[in-house]
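> need coordinates for the following:
(4 chains)
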Protein chains: 4
Amino acid sequence: MIISLKKDVRKEEMNHLISWLESYGVRTHISEGEFQTIIGLIGDTTRIDTDLISGLDIVDNVTRISEPFKKANRKFHPEDTVIKIAEGVEIGGGHFQFIAGPCSVETESQMETVANAVKASGAGLLRGGAFKPRTSPYDFQGLHEEGIRLLLETKRRTGMPIVTEIMDIGHLPLFEDVDVIQVGARNTQNFELLKELGRINKPILLKRGIAGTIKELLMSAEYIMAGGNERVILCERGIRSYETYTRNTLDLSAVAVLHEMSHLPVIVDPSHATGVARYVKPMALAAAACGADGLMIEVHNDPPHARCDGPQSLTPEQFDDVAKSVLAVRCAIGGK
Amino acid sequence: MIISLKKDVRKEEMNHLISWLESYGVRTHISEGEFQTIIGLIGDTTRIDTDLISGLDIVDNVTRISEPFKKANRKFHPEDTVIKIAEGVEIGGGHFQFIAGPCSVETESQMETVANAVKASGAGLLRGGAFKPRTSPYDFQGLHEEGIRLLLETKRRTGMPIVTEIMDIGHLPLFEDVDVIQVGARNTQNFELLKELGRINKPILLKRGIAGTIKELLMSAEYIMAGGNERVILCERGIRSYETYTRNTLDLSAVAVLHEMSHLPVIVDPSHATGVARYVKPMALAAAACGADGLMIEVHNDPPHARCDGPQSLTPEQFDDVAKSVLAVRCAIGGK
Amino acid sequence: MIISLKKDVRKEEMNHLISWLESYGVRTHISEGEFQTIIGLIGDTTRIDTDLISGLDIVDNVTRISEPFKKANRKFHPEDTVIKIAEGVEIGGGHFQFIAGPCSVETESQMETVANAVKASGAGLLRGGAFKPRTSPYDFQGLHEEGIRLLLETKRRTGMPIVTEIMDIGHLPLFEDVDVIQVGARNTQNFELLKELGRINKPILLKRGIAGTIKELLMSAEYIMAGGNERVILCERGIRSYETYTRNTLDLSAVAVLHEMSHLPVIVDPSHATGVARYVKPMALAAAACGADGLMIEVHNDPPHARCDGPQSLTPEQFDDVAKSVLAVRCAIGGK
Amino acid sequence: MIISLKKDVRKEEMNHLISWLESYGVRTHISEGEFQTIIGLIGDTTRIDTDLISGLDIVDNVTRISEPFKKANRKFHPEDTVIKIAEGVEIGGGHFQFIAGPCSVETESQMETVANAVKASGAGLLRGGAFKPRTSPYDFQGLHEEGIRLLLETKRRTGMPIVTEIMDIGHLPLFEDVDVIQVGARNTQNFELLKELGRINKPILLKRGIAGTIKELLMSAEYIMAGGNERVILCERGIRSYETYTRNTLDLSAVAVLHEMSHLPVIVDPSHATGVARYVKPMALAAAACGADGLMIEVHNDPPHARCDGPQSLTPEQFDDVAKSVLAVRCAIGGK
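The predicted structure is shown next:
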């Protein structure tokens, strides 16, 4: 961490700051220039609050040199993390997974039809929403408990592990038999929820915030990991920009950046990112080409009558085509 | 709502869509052009899910003409809402309030010092965080229960009503004697929390999301109001943009837009928006000039040693100067 | 175009508007609802200025149903445009090209070394900047005339057609023997320049603006095409967002959207988008996977000593590796 | 400037970098930590290209401590710059000006009506566009030479100095009798144009880019000033964001930031920022309250029939009301 002081700071104020900084266990290194004095901090600065320092009257600005996350940081964990979800279903470190299924769980027959179809096309996990975060209180909010029950029933029949979204800590008991718990883009910084998920022993699929930075995503992963649960899957799902032709702007560079900065698996959700079914295939191929460890794709047996997000859902036939092309691209780039 | 169909849609498909739409109780109006057929929907379309329709194969695009919110909508409630918080402490409809206090509650003496000072300068409400949403799990997270206790103690001694942030439904019992419950920018779309707050009888201060749209803010207010609690105070606190000289970009136009679209009171938080104490005064004056119903300002008796957000906190003396200037501006624009 | 009128508009005002609209040669269709009256416009609305109408006192809002661009529009030109740049060098409609070379032209030997290397790796066009738009007036601005001379000399020796950026109409005479003229991201809306380029007979490589929308890019292409020059190559090069880990946010969805909306070739520049050499390969592969018609990649024989944009330049060896992998991906998706 | 090196950099590589840096006339200061070595640069780093250094293999990241602009920098010019436009018409350093007039010059009688009206309401300068940058090639592009002629005629009759936009260097001779030349938001980084304007002796009104940063605005001012023309007026006119209720997001914090960083006058254009006439007044008041040195406001004698930007134009009566309120606010904050 580098702290630049303002011009004409008095010696005693500077010494006061230095002794306070050293009380955090870091060493300081002073470099006095003609116009500016700079304090370099050496050691573990993770616990030093940048905001706090930059608020001081004598400080001009503060720059972090090292990242404020540790457990998610590849520097301290160079090997890719491989997360085992079920027998034969692993993700990360070369293991690629399709997570497919409808936006929201509607009926038993819908779930079974979709699950069997996507399984046949190579999907390793089944997704389906029981609790749906909707912008309007008047839109369909999901089947709740009944939705979870239908998911578990489908899991029992098809053998597919399931991924579903949690929206509140209070619902956690319902997720006991869920294989992967998803934290949605509106809850990426619901820190109380993250802390709670850090205490359980289950993989967490953590989506990037609606307008979240890469660093915020990693810090949210750190919240979960700091609690002891290190099985976090990161998910790029598009960020908010001024462009309106797609629902969000899919930031595929984030896949490359996240792989560099972190050892955690990184997947991509082209369905929510684009919001348009016909853009899902090109974006799924692009995600595979730049090294994503998996894809989360909405598939519905009857998109026009889906109760949620129909415009972005593929039919099982379309998913099958996407899956085949994705595997061809993975093969071309040397993936397994 | 206006639905444009794709070229060459078959008659029966169109009729199928029309009868489905009419099942929602709206009337339809067809207008067939050379290149495009358009269906106009007349009546209450609040419950019709735009996404669902735009997902249909035969639909080109869908445009909402009327807003999807009702209870927060000025069209259906032309008079300004005035929210009474305590005896003599009202906000909205010409009643202006300063909400001042430290970012986080630290000690009893801190709270009392700050509360007495800001009260003397004209603040009607005391703010202070007991639960702090911090990006890093390693930063100070607030005093929790003890923080609420200190706030209530300060309220008892000074008579000032208090505003403090909730981060999880589970903490609600602790907020029983709190006067105004704040929903922070990271929880603006924590819909389960909003629903719960819709069931209580207490004013809610709802902040705009980190990168939230004006419409999303109004829809989140609608979540609370749909549950029966119509006492919502909207708060503009800066939005995320590419500009980095300020922490966020304070969107003061939102004050004018919100006042036009909704009857709810609108306040501004220049402290979080700018993140820099020396920009708080100009932005507070600007907010007052464009008609804000109140200001939420961070004040700390010793900003350099604040445990959180020191860089943006004013001293009590600085706050006093801001308050005087704000009142002069309000007077100039004809405010009470 | 759909025009929603305000409530309680007087009949004569509405009729006045209608007759004015019809003077543009469009037909109108009135649909009067309980709360709102809507006017639908049928016919060619390209020349009707949306802003102008939405400014009228009686108008609530205006929505365009059809796009305001014609020549660039796939609706009126369903076949992919193939642009022939030189014998055997075509782009679009299945023809893919690498455009490679240094950010700025520096010396004759540099140009020849790089040109020979990238040609050997399969690049069809050589790029190099003679006029450099730099944020700071104190940074290197390019070799200007001498730069163009060196490019033409390299073209003569290697036979590679060249692409280089124009920054001002006044420089146009220098570009007479240039094969493709590039319009950079800061000039995408330099309309006087676009108009002038519409009058010449040479392919134009038009970059998306720094924070330009897809629609603005197409409208800028329309400026060139409206003048008679229909050989425009569109280029996605990253857009400005709040994310700071990459220089810009590469918006690959734009490739899919542009291919749908327009018949013009679409290429991607991963070098400027990411600003980081080690992210160029994953993004180049992603661009190829989602169907880009070409890639523009910065290659320098000695990146650490490049006079401009060194951090994002590949060495010739790295480019060779990227080119091979891109071709494998194109093969996997069935490209030629 | 602070340069952090990568881990395990070889001594000779570091020394090579250091000697190269010192060749720019700066002194270096090395600070070797356990994990990281840091080089501090002391002296004038304006001419050192950050990109170039951060591209080196051995460099991890580079941070500028001092700003890369000099002539526009308040550090080197602490007093406010006051720009004299005509006898009795000054701006900056406490001198406030209204710049008012129609978006585009249409007819002689229009110009005279508007000019006389806004002059009576206290406007010091008349604005009007002769060259209009329009997104669509099919929209009205301005009267060009005839527009300039009408402006000069109105200036002759009313005595008001005039402000009008330039779009291309080639048009410069037409601007000989124009008092202030405006550079629009699409040309803020048209560096060739800025360089040319740096060579003339006339105040330049420089608008912030469509999605420009504060730093870019200052660097563009620097382009003009580096050429010798130091009379630059900065103009905040809204930035692009994801919010769609207003055309742009007016960033009033920029007024406070620009005043702190630069000695140049800063004005605000609420008409283009909001795009909606009824939001112009609240935003004009807010701009005055936060210390803007002037306001640029579109006024048209018949907004519904304006050939451009009608929706955002005020009538002369509305402008008179705004001007009175703005002066009251300026009085309240102690302005002259």
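> contacts only, for the residue lying closest to A:Pro203 once chain neighbours are set aside.
The spatial neighbour of A:Pro203 that comes closest, neighbours along the chain excluded (Cβ to Cβ, 6 or more residues apart in numbering or on different chains), is A:Arg231 at 4.2 Å. From N, CA and C alone the C-beta is placed, and that goes for glycine too. With contacts defined as Cβ atoms under 8 Å, 6 or more residues apart in numbering or on different chains, A:Arg231 is in contact with A:Thr81, A:Ile83, A:Lys202, A:Pro203, A:Ile204.
> was I right to think the fourth one contacts A:Ile83?
Yes. Judged on Cβ atoms under 8 Å, A:Pro203 makes contact with A:Ile83 at a distance of 5.2 Å.
> need the overlap of contacts for those two.
Residues touching both A:Pro203 and A:Ile83 (Cβ under 8 Å, 6+ apart) are A:Arg231, A:Ile233.
> how far away from the center of its chain is stretch A:148-156?
Relative to its parent chain, stretch A:148-156 has a centroid offset of 24 Å by Cα atoms, centre = their mean, to the nearest Å.
> residues contacting it, please?
Stretch A:148-156 is touched from outside by A:105, A:107-108, A:111-112, A:115, A:126, A:128, A:130, A:143, A:160-162, A:164, A:174-175, A:177-179, with contacts defined as Cβ under 8 Å, 6+ apart.
> now do 6 Å
Stretch A:148-156 is contacted by residues A:Val105, A:Glu108, A:Met111, A:Glu112, A:Ala115, A:Gly128, A:Ala130, A:Ile162, A:Thr164, A:Leu174, A:Asp177 when judged by Cβ atoms under 6 Å, 6 or more residues apart in numbering or on different chains.
> ok, stretch A:14-33 next?
Surrounding stretch A:14-33, the residues in contact under the criterion Cβ under 6 Å, 6+ apart are A:Ile38, A:Ile39, A:Gly40, A:Leu41, A:Ile42, A:Gly43, A:Thr45, A:Ile48, D:His29, D:Ser31, D:Gly40, D:Ile42.
> per-residue confidence for the residue nearest to A:Pro203?
The score at A:Arg231 is 98. That number is its pLDDT.
> quick one: name the residues of the stretch 151-300 of chain A near chain B.
If contacts are counted using Cβ under 6 Å from any Cβ of the partner chain, the residues of the stretch 151-300 of chain A sitting beside chain B are A:167-168, A:186, A:189-192, A:211, A:219, A:222-223, A:226, A:240.
> adding secondary structure and distance to D:Leu295, write those residues out as JSON lines.
Conversion of those to JSON lines gives the following (DSSP: H, G, I helix; E, B strand; the rest coil; distance: Cβ to Cβ, whole Å):
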{"residue": "A:Met167", "secondary structure": "coil", "distance to D:Leu295": "46"}
{"residue": "A:Asp168", "secondary structure": "coil", "distance to D:Leu295": "48"}
{"residue": "A:Arg186", "secondary structure": "coil", "distance to D:Leu295": "39"}
{"residue": "A:Gln189", "secondary structure": "coil", "distance to D:Leu295": "38"}
{"residue": "A:Asn190", "secondary structure": "coil", "distance to D:Leu295": "42"}
{"residue": "A:Phe191", "secondary structure": "helix", "distance to D:Leu295": "43"}
{"residue": "A:Glu192", "secondary structure": "helix", "distance to D:Leu295": "46"}
{"residue": "A:Ala211", "secondary structure": "coil", "distance to D:Leu295": "31"}
{"residue": "A:Met219", "secondary structure": "helix", "distance to D:Leu295": "41"}
{"residue": "A:Glu222", "secondary structure": "helix", "distance to D:Leu295": "47"}
{"residue": "A:Tyr223", "secondary structure": "helix", "distance to D:Leu295": "46"}
{"residue": "A:Ala226", "secondary structure": "helix", "distance to D:Leu295": "50"}
{"residue": "A:Arg240", "secondary structure": "coil", "distance to D:Leu295": "31"}
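> nearest to chain B, of those residues?
When these are compared for distance to chain B, the smallest value, 3.0 Å, is given by A:Ala211; criterion: Cβ to the nearest Cβ.
> that closest one and B:Gln189, how far apart?
Using Cβ to Cβ, to the nearest Å, A:Ala211 is found at 11 Å from B:Gln189.
> neighbour count winner among these two?
Regarding A:Ala211 and B:Gln189, a neighbour count based on other Cβ atoms under 10 Å in any protein chain shown identifies B:Gln189 as having more, with 26 against 22.
> how about the more buried one, nearest residue that isn't a chain neighbour?
Of all residues not flanking B:Gln189 in the chain, A:Arg186 sits nearest, at 4.1 Å (Cβ to Cβ, 6+ apart).
> distance of that neighbour from B:Phe191?
Using Cβ to Cβ, which is the criterion applied here, A:Arg186 is 8 Å from B:Phe191.
> now do the shared contacts for the two.
Taking Cβ under 6 Å, 6+ apart as the contact rule, A:Arg186 and B:Phe191 both touch A:Pro133.
> quick one: contacts for A:Ile48?
When contacts are counted by Cβ under 6 Å, 6+ apart, A:Ile48 touches A:Tyr24.
> tell me how far it lies from B:Ser104.
Noted for A:Ile48: a distance of 17 Å to B:Ser104, by Cβ to Cβ.
> measure A:Asp139 to B:Phe191 for me?
A:Asp139 is 10 Å from B:Phe191, by Cβ to Cβ.
> residue of the stretch 1-150 of chain A nearest chain C, please.
Residue of the stretch 1-150 of chain A nearest chain C, by Cβ to the nearest Cβ: A:Glu67 (10.7 Å).
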